[in-house]
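> could you look at this predicted model? Sequence included:
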Amino acid sequence: MAGKWTPRTPKATTEAILTGQQEQVIAALCEGQTQAAAAVAAGVTAETVSRWKASDALFLATLNTRKQELWDAHAQRLTALRSKALDVVEAELGKGAPPDAQHWAAALVLKAMPAQERPNEPTSLNAVQLAQMFDSVTS
């Protein structure tokens, strides 16, 4: 099936691993839950999640990786559907659709253009650690 998403965890330079609660929070955030809801689902406080995001490089690298993978999977699915959707619009317009319907279809196609950029946060453990060090020095 197209678009099957299998999450992965970045390779760590140490033997550090994520806890089950961290995995739960990451999964919940990738499902679109708020940070507070993800914290409740994992049985931790929202402050704990904030701390992980601010200072746990493996947690942040894994979250960023999974968000990017999810975005890529959705983009791939949309790309696969784009051709079929345009075929439908084209066929309907070819049947002599009224001008209002043609304008609506044209607007719909234009709105379908990608408006959101792919997340581009660092995904490797080293890159996240460097970014965190830089942020701590510049803050």
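Sure thing, it's come through.

> list the helices and strands the longest helix seen in the chain packs on?
Criterion DSSP state H: the longest helix present in the chain is helix 57-94. Helix 57-94 is packed against helix 20-30, helix 46-55, helix 99-111, helix 125-138, with contacts defined by 3 or more C-beta pairs under 8 Å, 6 or more residues apart in numbering; DSSP states H and E. (C-beta placed from N, C-alpha, C; glycine too.)

> quick check: buried residues in the last one?
By neighbour count, with 16 or more other C-beta atoms under 10 Å as the criterion, the buried positions of helix 125-138 are Leu125, Ala127, Val128, Gln129, Gln132.

> the closest residue to the second one other than its chain neighbours: neighbour count?
The shortest distance from Ala127 to any residue other than its chain neighbours is 7.3 Å, reached at Ala61 (C-beta to C-beta, 6 or more residues apart in numbering). With neighbours defined by other C-beta atoms under 10 Å, the count for Ala61 comes to 24.

> what sits against Ala61?
With contacts defined as C-beta atoms under 8 Å, 6 or more residues apart in numbering, Ala61 is in contact with Pro10, Pro122, Thr123, Ser124, Leu125, Ala127, Val128.

> can I assume Asn64 is in contact with Val128?
Yes. Counting by C-beta atoms under 8 Å, Val128 is a contact partner of Asn64 at 7.3 Å.

> name the residues contacting each of those two.
Counting by C-beta under 8 Å, 6+ apart, the common neighbours of Asn64 and Val128 are Pro122.
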